[in-house]
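Chemist: Sequence plus the predicted model coming up.
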Amino acid sequence: MYNKYNTFIKDKIKLGNNMIEVKNLKKIFKHKNSNFVAVDNISFSIAQGEAVAFIGPNGAGKSTTIKMLTGILHPTSGEISILGLSPQKHRKDVVRQIGAVFGQRSSLLPNLPLKDTLSLFGVMYGMSKEEIKERIEYLENMLDMKSFHDQPIRTLSLGQRMRVEVACALIHKPKILFLDEPSIGLDIIAKQSLREMLLYLRKEHNMTIFLTSHDVGDIESICERTIIVNHGKVVVDEPTSELHKLIEKEKHVEVRGPSLEDVLVKIYKQ
Ligand SMILES: Nc1ncnc2c1ncn2[C@@H]1O[C@H](COP(=O)(O)OP(=O)(O)O)[C@@H](O)[C@H]1O
Ligand SMILES: [Mg+2]
């Protein structure tokens with residue numbers, strides 16, 4: 001799968017104009033007696049069709065950054081451009097062009113059946129009845145959800161529910177997909193199907209993907225570029241395949257060479 005992926009990246013992915021531009025982005029949370037800098041002057045640009053892993057240890061500032069990029073939080077300072085628009089000033093226009101999945105927090109109503117859940121999201125995005133019907137048909141096929149069309153969300157397994165979360169994020173055909181720890185708690189089969197789905201979205205729709213995950217398999221198989229944040233700062237922004245060059249050989253890893261996990265642990269601890 002990894003080899004196939006590498007070939008397909010080189011052959012099929014067309015990188016376009018910048019979809020995301022972030023300049024000197026900062027977020028300070030005001031605690032009782034002090035200020036806490038959660039995101040500390042980060043800058044990067046992401047082109048159309050790129051899949052970027054945005055990773056780092058717990059508390060590094062990943063979710064805070066994604067919330068600013070998707071317009072949920074206001075930055076303390078700095079600039080964000082999503083398709084040339086500000087997610088804060090042009091929230092409605094930006095929301096129409098992006099999808100977001102937050103693995104740690106569900107956006108679904110537990111008692112609503114799948115079909116109504118998808119319809120509700122379609123209505124929220126101002127889609128027509130016909131558009132919604134067509135899109136539900138497409139997404140249920142693509143994400144293999146036909147068998148639980150009528151089931152309330154609360155009765156679904158975690159893997160099935162995550163597919164619904166992704167479907168809701170895709171209902172309005174966004175150009176950028178933000179995923180904040182979508183594979184958390186999933187078994188290896190569900191993880192694999194999530195990865196295949198993200199690769200399909202890249203290949204078929206040239207989707208720009210911004211992914212946070214603690215799973216090195218997700219990072220290696222989906223994202224050709226990795227941005228690592230630590231203590232709110234960008235410490236690495238490299239092709240994923242080059243990351244192993246960032247650490248020196250150590251005794252315990254000499255024989256097999258460092259795994260991506262070895263490399264990340266080393267960088268996270270700095
Ligand atoms: N609403 C908030 N108020 C105060 N502090 C916050 C808030 N949200 C996040 N933080 C703090 O900002 C830091 C970064 O959090 P977060 O972006 O969620 O990290 P990550 O997603 O990388 O694990 C953490 O130390 C967290 O406690
Ligand atoms: Mg987080």
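Modeler: Received, thanks. Ligands and ions are numbered 1, 2, ... in the order given.
Chemist: Sketch out the helices for the stretch 51-200 of the chain, chain order is fine.
Modeler: 62-69, 91-95, 114-124, 129-142, 158-170, 188-205 (DSSP state H, counting those that start in this stretch).
Chemist: Show me the contact partners of the helix or strand that the last one is followed by.
Modeler: If you walk from helix 188-205 toward the C-terminus, the next helix or strand you reach (DSSP states H and E) is strand 208-212. Here strand 208-212 makes contact (CB atoms under 8 Å, 6 or more residues apart in numbering) with 19-20, 46-55, 62-63, 66, 69, 175-182, 198, 201-202, 218-219, 222-223. Glycine gets a C-beta too; all of them are placed from N, C-alpha and C.
Chemist: Can you classify L25 as helix, strand or coil?
Modeler: The three-state assignment at L25 reads strand, by DSSP: H, G, I helix; E, B strand; the rest coil.
Chemist: Any idea how many residues pack against the closest residue to it other than its chain neighbours?
Modeler: Take L25 and drop its neighbours on the chain: the residue closest to it by CB to CB, 6 or more residues apart in numbering is G78, 3.7 Å away. G78 is flanked by 16 other residues according to other CB atoms under 10 Å.
Chemist: next one: the one 3 residues further on
Modeler: Residues near S81, counting by other CB under 10 Å, number 17.
Chemist: try the one 3 residues further on
Modeler: G84 is flanked by 12 other residues according to other CB under 10 Å.
Chemist: I'd guessed M162 sits against I189; true?
Modeler: No - assessed by CB atoms under 8 Å, M162 is found out of contact with I189, at 11.9 Å.
Chemist: Have a look at these two and say which one is more surrounded.
Modeler: M162 (26 against 9).
Chemist: Could I get the pLDDT score of that one?
Modeler: Per-residue confidence (pLDDT) for M162: 93.
Chemist: how far away is it from V95?
Modeler: Noted for M162: a distance of 21 Å to V95, by CB to CB, to the nearest Å.
Chemist: ok, now how distant is the residue of the stretch 1-150 of the chain found nearest ligand 2 from I184?
Modeler: Using CB to the ion, the single residue of the stretch 1-150 of the chain nearest to ligand 2 is S63, 3.2 Å away. S63 is 12 Å from I184, where distance means CB to CB.
Chemist: list residues touching both of these two?
Modeler: Listed as contacting both S63 and I184 by CB under 8 Å, 6+ apart are Q104.
Chemist: separation between the nearest residue to E21 once chain neighbours are set aside and N141?
Modeler: Spatially, and ignoring its direct neighbours in sequence, E21 is nearest to S81 (4.2 Å; CB to CB, 6+ apart). In this view, S81 and N141 are 34 Å apart by CB to CB.
Chemist: Show me the domain layout of this protein.
Modeler: 2-97+174-269, 107-173 (automatic domain parsing).
Chemist: Now do the first one: distance to the chain's middle.
Modeler: Just to be clear, that refers to domain 2-97+174-269. Taking CA atoms, centre = their mean, to the nearest Å, one finds domain 2-97+174-269 lying 7 Å from the centre of the chain it belongs to.
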